[in-house]
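Chemist: Here's my sequence, what's the structure:
(one chain, ligands or ions: 2)
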Amino acid sequence: MGKTIAEKIIAAHLVSGDMTPGSEIALRIDQTLTQDATGTMAYLEFETMGIPRVKTELSVAYVDHNTLQCGFENADDHRYLQTVAAKHGVYFSRPGNGICHQVHLERFGKPGKSLIGSDSHTPTGGGIGMLAFGAGGMDVAVAMGGGAYYITMPKMFKVNLTGKLKPYVSAKDVSLELLRILSVKGGVGAIVEWGGPGIAGLSVPERATITNMGTELGATTSIFPSDEVTRQFLAAQGREADYIPLASDPDAKYDRIIDIDLDTLEPMIACPHSPDNVVAVSSLKNVKVDQVCIGSCTNSSLMDMLKVAAMLKGKTVAPGVSLSISPGSRQVLSMLADCGALTDILASGARVLECACGPCIGMGFSPNSGGVSLRTFNRNFLGRSGTKDGQVYLVSPETAVASALTGYITDPTTSEGSIYIQMPASFQINDSAVLAPLPIEEAASAEVLRGPNIKEFPKSKPFSDSLTAKSVLKVGDNITTDHIMPAGAKILPYRSNIPHLSKFCFEVCDPSFPERAKEAGDGIIVGGSNYGQGSSREHAALVPMYLGIRCVIAKSFARIHIANLINAGILPLTFADPADYDALEQDHVLKLTDIPGGMASGKITIINETTGKTIVANCDLSDRQQKILTCGGLLNYTKEGGQ
Ligand code: MIC
Ligand code: SF4
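Modeler: Ligands and ions are numbered 1, 2, ... in the order given. Predicted coordinates for the structure are as follows:
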């Protein structure tokens, strides 16, 4: 039987398991990436493994999230990352060099290779034909040490593109359209392969916009074929030797096929506060805009920026709008400067920010209170911008500029003139901001510099026979990791300081949670469906673990988050009967009985000591996951020789 692209790469990297959807498989990982907000933890974990040098083909540590440096914390963390990377064989991309996914695409990504990154948007690499997954820091640490990466073998979806995008309609609109069709849960358990005649007209950065936003579908990853477009991109980056062609077999089987006709696609917009709350831009009338932000790993390529510059040329940003532009990488910024496009951007009144995540993660540029902010980013979760009542909409760069110029949400297809962009035949290559690791002879004696912000890794507890714990929090559906462990300029600097970070856990839902959880001793969280969607941040598991959470019972979980819970030693259970969710209240005392037996049989009996009712929850764990939990988390398991 024919294979899909992902099935071919999985088969070539399979360490164990069989490729039947739903069963656990282990994959050999060729490349890893980390960013600073999750990287400090990942390298602290890697150090505890006692492996002198990474065993991957390539590992890169990026600094792109915490670049504001309002105190010593971030600067200390950057120094730790630089020195720990140099010592252990990891390339280091300096702050200001750009957003990890954009730089990785430009300089390191290779079709056919496997990549995991401690950031949920690592699937951006699928734009260049990589099999790229977002993962928790601990999984990345294990992969750096040469260990396999475990996932559930996904189903295969295909999106078939026909036609050609109209002027002012772009790759972002394709992503938003798929989110409208599938929702933030629609890709769960699937790899989305993009194909059809329409893909020939999409450049690698446009394809990367689409695979980047596949994360918001809950998909395991997304991937494009590697074709002539890929070869040309790699050649323009001086890396033609990295090219290999990759395509699915004509008789490959897909569990679902979705057709999108690019000819009829209109500019789309995701309304507050979910990326799947999508409507056509033309349907929103008279919505006044306060702020527009262009950039992020979704839309910060040279092509995006050249379009933005062309639309801004000779025009002025509306007086009521504050416009920020963050180019995705130093390469993009220097090329904008060289061709004069940067001058067009500056002359319009836009504010040019550093090549970093910036406003996307609430690192500055928060909107005014109640402000309407249009962003070319991938997430508009409540409070993520740093302004709790901010109204964040997700749009394409074209819609962003059209709206910045009028001051109202504006369909860009009503703009005058064409925005035909001539892409250069070759990119400017200057890797001076990427530091190579130390040679092996020097690495052994090199010192790793740690600042006072780096605190000890929290210790998790192994499970015994039973557990009695209070349900300290009950939440609804689609709880994101931004709810569980918020980010933003005030909190992000403490990503390597779990005790301090813990004060903000669930701040958006219930500021009293940290205190109540600590007081309860052992605790349980009750969640709705798609619990833990969004980011890969393992802090959303480590911090609750630090606060005493031993178990989360939810209707369903997001893929990376459930792996992070298990890695942190927290038991994830799902309701066998959805009505049991309604009957469980905050502050009920629950007793989980015969945990080892329940893990093995897949059903755990829970006695609600407050109501006297007994329920049965599903405990769907592989043998390896059961062992990890029995040891009290992945680090203990690895130390005890587990693979
Ligand atoms: C995000 O977009 O939410 C982040 C910040 O990039 C996260 C990682 C993190 O929390 O550090 C992600 O997407 O994984
Ligand atoms: Fe950075 Fe935003 Fe991309 Fe996350 S989604 S990696 S915060 S730019």
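Chemist: Only C-alpha atoms from now on, for both contacts and neighbour counts.
Modeler: Noted.
Chemist: Check the burial of the residue of the stretch 251-400 of the chain found nearest ligand 1 by counting its neighbours.
Modeler: When scored by CA to the nearest ligand atom, the stretch 251-400 of the chain has residue 361 as its residue closest to ligand 1, at 5.7 Å. For residue 361, the count of nearby residues is 24 (other CA atoms under 10 Å).
Chemist: which residues does it contact?
Modeler: Shown in contact with residue 361 (CA atoms under 8 Å, 6 or more residues apart in numbering): 65, 384, 385, 487, 488.
Chemist: do the same with residue 609
Modeler: Residues near residue 609 by CA under 8 Å, 6+ apart: 588, 589, 590, 591.
Chemist: try 10 Å
Modeler: By CA atoms under 10 Å, 6 or more residues apart in numbering, the contact set of residue 609 is 468, 469, 470, 588, 589, 590, 591.
Chemist: Ok, residue 52 next?
Modeler: Listed by CA under 10 Å, 6+ apart, the contact set of residue 52 reads 46, 87, 88, 89, 145, 440, 443, 444.
Chemist: now the strands for the stretch 401-550 of the chain?
Modeler: Applying DSSP state E, counting those that start in this stretch to the stretch 401-550 of the chain gives strands spanning 434-435, 467-474, 523-526, 549-554.
Chemist: Ligand 2: which of those strands is closest?
Modeler: strand 434-435 (18.1 Å).
Chemist: Remind me what that closest one packs against, helices and strands.
Modeler: Packing partners of strand 434-435 (3 or more CA pairs under 10 Å, 6 or more residues apart in numbering; DSSP states H and E): strand 58-62, helix 72-88, strand 91-93.
Chemist: before we move on, the earlier item: now the buried members of the contacts of residue 361.
Modeler: 65, 384, 385, 487, 488 (16 or more other CA atoms under 10 Å).
Chemist: and the third one, what pLDDT?
Modeler: Right, residue 385. pLDDT, residue 385: 96.
Chemist: Just the buried positions in the helix or strand of the chain with the lowest mean pLDDT, please.
Modeler: Using mean pLDDT, DSSP states H and E, helix 634-639 stands out as the lowest-scoring helix or strand of the chain, at a mean of 88. Neighbour counts using 16+ other CA under 10 Å place 634, 635, 636, 637, 638 of helix 634-639 among the buried residues.
Chemist: Stretch 344-363 too?
Modeler: Within stretch 344-363, the residues that qualify as buried are 344-350, 352-363, counting by 16+ other CA under 10 Å.
Chemist: Which parts of the stretch 251-400 of the chain are helices?
Modeler: Per DSSP state H, counting those that start in this stretch, the stretch 251-400 of the chain carries helices over the ranges 302-312, 330-339, 341-347, 397-406.
Chemist: Deepest-packed of these, please.
Modeler: helix 397-406 (a mean of 26; mean count of other CA atoms under 10 Å).
Chemist: Could I get the average pLDDT for that one?
Modeler: On average, the pLDDT along helix 397-406 is 98.
Chemist: what does stretch 457-467 give?
Modeler: The average pLDDT within stretch 457-467 is 90.
Chemist: From ligand 2, how far out is the nearest residue to residue 147 once chain neighbours are set aside?
Modeler: Using CA to CA, 6 or more residues apart in numbering and skipping the chain neighbours, the partner closest in space to residue 147 is residue 643 (6.9 Å). Applying CA to the nearest ligand atom, to the nearest Å, one obtains 29 Å for the distance of residue 643 from ligand 2.
Chemist: From what I see, residue 643 and residue 636 are in contact.
Modeler: No: contact criterion CA atoms under 10 Å: residue 643 and residue 636 do not qualify, at 11.3 Å.
Chemist: Please identify the helix or strand for the residue lying closest to residue 75 once chain neighbours are set aside.
Modeler: In space, and not counting its chain neighbours, residue 75 is closest to residue 69: 6.1 Å by CA to CA, 6+ apart. For residue 69, there is no enclosing helix or strand under DSSP states H and E.
Chemist: residue contacts, residue 69?
Modeler: Counting by CA under 10 Å, 6+ apart, residue 69 makes contact with 75, 76, 78, 489, 493.
Chemist: neighbours of the first one, just the number please.
Modeler: The burial metric for residue 75, expressed as a neighbour count using other CA under 10 Å, is 18.
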